[in-house]
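> curious how this folds, go ahead:
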Amino acid sequence: MRILFIIHEFLPRYQGGSEIYLYRLAKALQERGHKTYVYTYGDFDEETVFNGIEVKRVSHNHKRRWIKYTTKIKKLLSLLPRLRDEFIEIDFKNQLRLKKPDIVHIHHLINLSPRIIEIVKKAGIPLVITLHDYWFMCYKAQLIKPSFKKCKGPLFLGLNCPFCLTPRPKFFQFIYPFLALIFIYRNLYLRYSLKKADIVTSPSNFLRENFIQYGVSKDRIIHLNYGTNEKLFKNIRPRRKNKIIFAFIGAILPHKGVHVLINAFNKLKTKNVELHIYGDFSSHPERMRYFQILRDLSPVETIEFKGPFNNNEIANILSKIDVLVVPSIWCENSPLVIHEAFMAGVPVIASNIGGIPEMVKDGVNGLLFESGNVGALSAKLKQVIENPSLLNEWRKNIRPIKTIKENVLELERIYRKMLKTSKKK
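Numbers count the residues shown, from 1 in each chain. All right, here's what the predicted structure looks like:
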């Protein structure tokens with residue numbers, strides 16, 4: 001089969017969970033004899049090959065846009081959800097003609113054009129959409145307010161969405177009706193577009209239930225969790241302990257709750273413990289600002305910022321720690337880093353939010369705490385420090401993790417069923 005994957009960003013520059021998962025998936029499908037392509041956003045237009053995968057990157061070069069805006073209008077429009085990009089749509093149609101895919105599998109459309117869904121369906125190509133977050137109902141994708149409190153979703157399809165614009169436009173109270181209409185249209189259009197997919201997959205039951213409540217048919221959306229590249233963990237060895245090492249591994253962003261973890265760790269009085277923080281903090285101004293806040297919160301020598309890393313090093317990193325901490329304050333889907341930790345035999349302490357409790361069982365393979373509660377997390381860290389024997393017990397309780405090979409077999413069955421149905425039409 002010829003499979004065209006679509007995602008908002010891709011390796012090597014962007015190494016988030018969805019990008020890493022898609023790369024592993026594309027490579028595993030290649031090993032099964034399939035031809036895989038990636039269509040994604042880039043800083044400029046280019047066609048490249050990344051580790052054997054053909055990648056087409058397309059940019060937002062606004063000099064090519066058909067409508068020219070004033071500076072003030074551009075500034076306002078940059079805050080609003082993007083629903084069309086004529087240049088990307090033309091470019092994508094050209095890619096369909098060149099690649100002639102049997103299947104199109106969308107993983108994310110941020111930075112691209114949502115109309116890609118309509119283009120695929122008009123071309124008569126079977127379409128799969130994998131949900132990685134809440135973007136189809138929330139333009140910021142995380143269902144979290146600027147105050148970092150959880151959002152329950154669009155009120156009447158978007159009346160509350162303008163309040164999440166940051167920075168808030170001048171004369172907000174006067175233009176609010178106009179903004180609300182834009183968001184209502186955005187959410188209606190994307191919900192309608194999502195329903196056009198032949199099948200929608202959700203890595204967590206939590207996310208699936210959210211989208212069923214949002215209006216997606218439960219027969220169209222299935223629970224299909226991620227697979228993990230087991231090859232990376234073949235030679236992993238547990239470290240020799242002389243102190244307990246907790247670690248955060250992921251994006252250094254406020255909704256990931258790193259500040260919650262540091263504040264909780266600072267409450268501990270013991271010296272025979274360390275906190276290691278792995279993640280890139282230099283690729284974006286927002287990350288740099290947040291990183292400075294974290295540094296100000298981390299005067300103790302037992303907190304180490306390890307910086308960015310290549311995901312191929314993940315097994316080595318996990319072999320050097322005792323506990324992974326996932327302190328997210330947004331409703332996570334199915335964090336890839338938890339899959340990887342369990343594959344490496346590392347217990348997890350995590351927020352009891354989103355799809356996380358589907359993987360982390362409190363007192364079985366780790367611990368759960370109330371999201372955002374510094375005191376609760378500190379108590380969980382202290383529990384491990386005072387009872388280190390718990391770690392061995394939790395390791396024994398970690399159930400086998402789905403491999404990327406098993407995941408590929410699941411998707412092959414879905415792809416073949418779709419192709420069979422498509423030929424009958």
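> from now on I want contacts and neighbour counts done on CA atoms only, so please keep to that.
Will do.
> quick one: residue 21 from residue 259, how far?
Taking C-alpha to C-alpha, to the nearest Å as the measure, residue 21 falls 26 Å from residue 259.
> distance of residue 54 from residue 390?
Residue 54 sits 46 Å away from residue 390, going by C-alpha to C-alpha.
> between residue 21 and residue 259, point out the one with more neighbours.
The residue with more neighbours, out of residue 21 and residue 259, is residue 259; 24 against 18, by other C-alpha atoms under 10 Å.
> helix, strand, or coil at the more buried one?
Classification of residue 259 using DSSP: H, G, I helix; E, B strand; the rest coil returns helix.
> looking at it, it is touching residue 292, isn't it?
No: if you go by C-alpha atoms under 8 Å, residue 259 and residue 292 don't touch, sitting 10.9 Å apart.
> quick check: closest non-adjacent residue to residue 232.
Spatial nearest neighbour of residue 232, excluding adjacent residues (C-alpha to C-alpha, 6 or more residues apart in numbering): residue 315 at 6.1 Å.
> which helix or strand lies directly C-terminal to the strand or helix carrying that neighbour?
Secondary structure from DSSP states H and E places residue 315 in helix 314-318. Sequence order places strand 323-326 as the next helix or strand after helix 314-318, per DSSP H and E.
> that next one packs against which elements?
Other helices and strands packing on strand 323-326, by 3 or more C-alpha pairs under 8 Å, 6 or more residues apart in numbering; DSSP states H and E, are strand 244-249, strand 348-351.
> so which of those strands is the most packed in?
Among these, strand 348-351 has the highest mean neighbour count (mean count of other C-alpha atoms under 10 Å), at a mean of 27.
> any chance you could map the helices in the stretch 51-200 of the chain?
Ranges of helices within the stretch 51-200 of the chain are 71-79, 86-99, 116-122, 172-194, based on DSSP state H, counting those that start in this stretch.
> from the contact counts, what lies against the shortest one?
Spelled out, that is helix 116-122. Packing contacts for helix 116-122, counted by 3+ C-alpha pairs under 8 Å, 6+ apart, involve helix 86-99, helix 172-194.
> go through that helix and flag the buried ones.
For helix 116-122, a neighbour-count test (16 or more other C-alpha atoms under 10 Å) marks 116, 117, 119, 120, 121 as buried.
> residue contacts, the residue nearest to residue 232?
232, 233, 236, 340, 344 (C-alpha atoms under 8 Å, 6 or more residues apart in numbering).
> residue 411: how many residues sit nearby?
17.
> could you do the one 5 residues further on as well?
Neighbour count for residue 416, taken as other C-alpha under 10 Å: 14.
> and it, which of the three is it?
The three-state assignment at residue 416 reads helix, by three-state DSSP.
> what pLDDT does it get?
Looking at residue 416, its pLDDT stands at 97.
> swap in residue 169?
Note on residue 169: pLDDT of 77.
> show me the shaky parts of the chain.
For the chain, residues meeting the criterion pLDDT under 70 lie at 61-82, 238-240, 283, 425.
> hey, where'd the strands end up in it?
Counting by DSSP state E, the segments of the chain that form strands are 2-7, 35-41, 46-50, 53-58, 103-106, 127-130, 199-202, 221-223, 244-249, 273-278, 303-307, 323-326, 348-351, 366-369.
> name every strand pairing with the fifth one and say which way it goes.
Looking back up the chat, that one is strand 103-106. Within its sheet, strand 103-106 is paired with strand 2-7 (parallel), strand 127-130 (parallel), according to DSSP bridges.
> could I get the ones you listed as JSON lines with mean neighbour count and distance to residue 320?
Shown next, in JSON lines, are those (neighbours: other C-alpha atoms under 10 Å; distance: least, C-alpha to C-alpha, whole Å):
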{"stretch": "strand 2-7", "mean neighbour count": "22", "distance to residue 320": "32"}
{"stretch": "strand 127-130", "mean neighbour count": "22", "distance to residue 320": "32"}
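> kind regards, and thank you for your time.
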